[in-house]
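Participant: sequence first, then the predicted structure, then my questions.
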Amino acid sequence: MGSWRELGAHFSTAVVLAGGVLVGAVNIYVAASLLPTAVADIGGERLYAWNMTAFLVAQVVATMFVSRALARLGNAAAYYLGFGVFAAGSVACAVSPAMPVLLAGRGVQGLGAGLLTGLGFAVIHSALPPELWARGSALISAMFGVGNLVGPALGGLFAQFGSWRLAFVVLAVAAVVLAALVPRAVPRSERGAADPVPTFALVAVVGAVGAVSVAGILANVVAMALLLGLGFGFVLAFLLVEKRAAVRVLPAETYSGSPLRWIYLTIMCLASGVSVESFLPLFGQHLGGLPPAAAGFFSAALSFGWSAGQIVSSSARRVRLLCLAGPTLLTAAFVVLALLQRENASVLAWLVVLLAGGTGIGIAMPHLSVAAMASGQQAAAAIATVLTMATAFGASIAGLLVNLGAPSMVTSARYLLIGFAFVAAAGIFTTAAAGVGARRATARTDRPQPRRDRAPS
């Protein structure tokens, strides 16, 4: 296991890999903070919720093309493409005269962000030595939490002064600066023949994410349930067809009894838990009496715990124990937090529990990512697809649970937290099925050992 100091020797590489993920993560929360100001300026209130839908659908699509971009373009050119597309989308958002143009810009941003997120995980495989994979994965995954801290602050600052367009300019400039570091940061790679595009899988994934994303913004429970059913139907069709396909989105081992399937499922169970953050400001204001600004930053506690947990646990040796403890701690945090929901609740107690739950995600995630990376570059690139789908499905399920509890705010909060406690608990069983720690230990044992010649007697 390499040290943080050793990772510092690869500083420019770490900046580009982590920075590519960070600009996409920050963009999500910046846009959420800026949208009310943007709508007041250019109109389009009816299309408000589609900003997130356009971004998420485009992001999922882009993550599916990471391996193909690397094969056809190589590491450096693929990164140039990702940063360039993201910067172009940001500029389009900055100059938008109307909401349809802003939606188009958000979709282009999503394509760039999805590509950069996938590249971050995929290029670790070739840009860093194996002993630094856990450190690099922890740093990259922590960017999602950092984005949740920086995004609301940046968006709120520009919205406060009515300069919402300038925030997108800042994101475009950041992408250009990071692109300038690519020649020194990313190792050259040989180009190869790219696999054909899995058309049906692409349509199925877009249909699933689109259906579930739309379901999350509906108030009608019946319509929401129907769209959720349609979304999961698309997922089932995706799995059934891809299992027999010659060209796949996920590695072939995912469908052949390998632990990789359980690793991906565990990542989804953990990452989807962050979806509760979308509603924590609402509960903080109505149940905890927090002002809007404080409630907004309060929602970042879970992501902060995730980021801190990853940084601390990336050098730990007891991998299997941490991977089991992660979903267990997250499950317990959601159950306790559900019991704390009441009128005039103590938000300080919430803060402690949320930090503990986020730490549960953080202590397991880097080791799960490294276990997936051990199966090759395609498996590493697919981590971004799994994370993005977990976010999309999690957000929609969260909206459904909150609406089911309405009009009581306490009931909505409890439905949300208990529902995701069950999701997190499923991660305990998928972790056990994956056997992550045992798998990595076996891999180390099976490596050829250096020859030790005995001295002549």
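Facilitator: Everything's here; your move.

Participant: tell me the mean pLDDT for the helix or strand hosting Y415?
Facilitator: Element membership for Y415, per DSSP states H and E: helix 409-434. If you average the pLDDT over helix 409-434, you get 91.

Participant: and the host helix or strand of T37, what other elements does it pack with?
Facilitator: Assigned by DSSP H and E, T37 falls within helix 11-42. Applying 3 or more C-beta pairs under 8 Å, 6 or more residues apart in numbering; DSSP states H and E, we find helix 11-42 packed against helix 50-63, helix 75-94, helix 99-127, helix 133-160, helix 164-180, helix 182-185. Yep, even glycine has a C-beta here, placed from its N, CA and C like the rest.

Participant: how about the secondary structure of the residue most central in space within the chain?
Facilitator: Taking C-alpha atoms, centre = their mean, the centroid of the chain lies closest to L387, which sits 4.3 Å from it. At L387, secondary structure determined by DSSP: H, G, I helix; E, B strand; the rest coil is helix.

Participant: mind listing what it touches?
Facilitator: The contact partners of L387, by C-beta atoms under 8 Å, 6 or more residues apart in numbering, come to 117, 144, 267, 271.

Participant: cutoff 10 Å now
Facilitator: By C-beta atoms under 10 Å, 6 or more residues apart in numbering, the contact set of L387 is 21, 59-60, 63, 117-118, 121, 141, 144, 264, 267-268, 270-272, 274, 365, 369.

Participant: so who does A211 touch?
Facilitator: Counting by C-beta under 10 Å, 6+ apart, A211 has contacts 226-235, 392, 396.

Participant: give me the buried subset of those.
Facilitator: Applying 16 or more other C-beta atoms under 10 Å to those, the neighbour count classes 227-228, 230-231, 234-235, 392, 396 as buried.

Participant: how close does the closest residue to A426 other than its chain neighbours get to N403?
Facilitator: Sequence neighbours aside, C269 is the residue nearest to A426 in space, at 5.3 Å (criterion: C-beta to C-beta, 6 or more residues apart in numbering). Distance from C269 to N403, counting by C-beta to C-beta, to the nearest Å: 22 Å.

Participant: more neighbours, these two?
Facilitator: C269 (28 against 18; other C-beta atoms under 10 Å).

Participant: so is that one in a helix, a strand, or just coil?
Facilitator: Classified using three-state DSSP, C269 is helix.

Participant: pretty sure it is touching F334, no?
Facilitator: No - with contact defined as C-beta atoms under 10 Å, C269 does not count as touching F334 (11.8 Å).

Participant: name the residues contacting each of the two.
Facilitator: What both C269 and F334 touch, as defined by C-beta under 10 Å, 6+ apart, is the set 420, 422-425.

Participant: what ranges does the stretch 251-400 of the chain have for its helices?
Facilitator: With helices called from DSSP state H, counting those that start in this stretch, the stretch 251-400 of the chain shows them at 260-271, 280-286, 292-298, 301-313, 319-339, 347-373, 377-405.

Participant: quick one: closest of the ones you listed to N220.
Facilitator: helix 377-405 (8.8 Å; C-beta to C-beta).

Participant: in the closest one, which residues are buried?
Facilitator: For helix 377-405, using 16+ other C-beta under 10 Å, the buried residues are 377-403, 405.

Participant: poorly predicted segments of the stretch 351-457 of the chain, please.
Facilitator: Where the stretch 351-457 of the chain drops to pLDDT under 70, the residues are 377, 436-457.

Participant: what packs against the helix holding Y415?
Facilitator: When contacts are defined as 3 or more C-beta pairs under 10 Å, 6 or more residues apart in numbering; DSSP states H and E, helix 409-434 packs onto helix 260-271, helix 280-286, helix 319-339, helix 347-373, helix 377-405.
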